[in-house]
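Enquirer: For reference, the sequence and a predicted model appear below.
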Amino acid sequence: MTELETLSYGEGLGWTEGKYFDRWSIEHFIAGAGIGIALEIVKFRYPIDVITATGIMIGWEVYECFVPPKEYWQNHIVDVLIGLAGFGLIKFLCYKF
């Protein structure tokens, strides 16, 4: 693997792949929150918003199965759950306020 490939995969930056959690978990939480904000803006309501957000997150994880670096299957599941936590936080805040 060349240095450029290593950096593009994040390995040179400390973004290593964990079995359950890694630094990419932060990105998945933020992405879930972003999806929540986007679905609030376009006025998607329950259960369509939850189905849409879950579909986007699962679709992304399926895509990640086919591109390097390879991840543990447990990490794919946790990534979806963390993304849904970010989505849920936004939905909760929008409901409360």
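Expert: The structure has been received and is ready for your questions.

Enquirer: Give the residue spans of this structure that score low on pLDDT.
Expert: Low-confidence segments of the chain, defined by pLDDT under 70: 1-15.

Enquirer: Kindly recompute the last result at 80.
Expert: Residues of the chain meeting the criterion pLDDT under 80: 1-17, 97.

Enquirer: Kindly list the longest helix within it.
Expert: Looking across the chain with DSSP state H, the single longest helix is helix 73-96.

Enquirer: Going along the chain, name the helices of the chain.
Expert: Counting by DSSP H, the helices of the chain are 3-8, 24-41, 48-65, 73-96.

Enquirer: Looking at the ones you listed, which is nearest to Glu17?
Expert: helix 73-96 (6.7 Å; CB to CB). All C-beta atoms are positioned from the backbone trio N, CA, C, and that covers glycine.

Enquirer: Next, the angle helix 48-65 makes with that closest one.
Expert: Inter-element angle recorded for helix 73-96 and helix 48-65: 150 degrees (by axes from the mean of the first three to the mean of the last three CA atoms, to 10 degrees).

Enquirer: Pick out the residue closest to the middle of this structure.
Expert: By CA atoms, centre = their mean, the chain has its centre lying nearest to His28, at 2.9 Å.

Enquirer: OK, contacts around that one?
Expert: 57, 79-80, 82-83, 86 (CB atoms under 8 Å, 6 or more residues apart in numbering).
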